[in-house]
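> sequence and predicted model, in that order:
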Amino acid sequence: MDLDTLTAEAMRLSALLDKGITALREASVEYAEAEHEYREKKAMAYLETESGTVAEREAHVYALVGDFRRRRDLADGQRLAALEAIRSRRGQLSAVQTLISAYKSEADFARTGPR
């Protein structure tokens, strides 16, 4: 790869990193909202459960809040996926920056010779 290609790749990865950070921010808000809704519904379901064994009450609560828990879990998965994408882009960008630095070192050497 030549320097122009590496620079373009660094710019592309930087833009993807910016988009990933925005996606992570949005996914984090989505997760927080889903978590809040799940906890609220779960608490209310426990309050509505009047009798039965602990296992029966927990089963009743889960039946009432299962969809909220699934939404929360999906939002958490989206948040984690966005975080992993950011980590991956950072690694890719770091590799490209290393190659660009090698080009700079070669140019310095060509200009000044060995020191």
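That came through fine.

> centroid-nearest residue for this structure?
Nearest to the geometric centre of the chain sits residue 83, at 2.0 Å (Cα atoms, centre = their mean).

> now residue 114, what's its secondary structure?
What DSSP: H, G, I helix; E, B strand; the rest coil gives for residue 114 is coil.

> how close does it sit to residue 105?
Separation of residue 114 from residue 105 (Cβ to Cβ, to the nearest Å): 12 Å. For every residue, glycine as well, the C-beta is placed using N, CA and C.

> quick one: which of these two has more around it?
residue 105 (10 against 4; other Cβ atoms under 10 Å).

> please identify the helix or strand for the more buried one.
Here residue 105 sits within helix 54-112, counting by DSSP states H and E.

> and that helix, how far from the chain's centre?
Relative to its parent chain, helix 54-112 has a centroid offset of 4 Å by Cα atoms, centre = their mean, to the nearest Å.

> which helices and strands does it pack with?
Packing partners of helix 54-112 (3 or more Cβ pairs under 8 Å, 6 or more residues apart in numbering; DSSP states H and E): helix 3-48.
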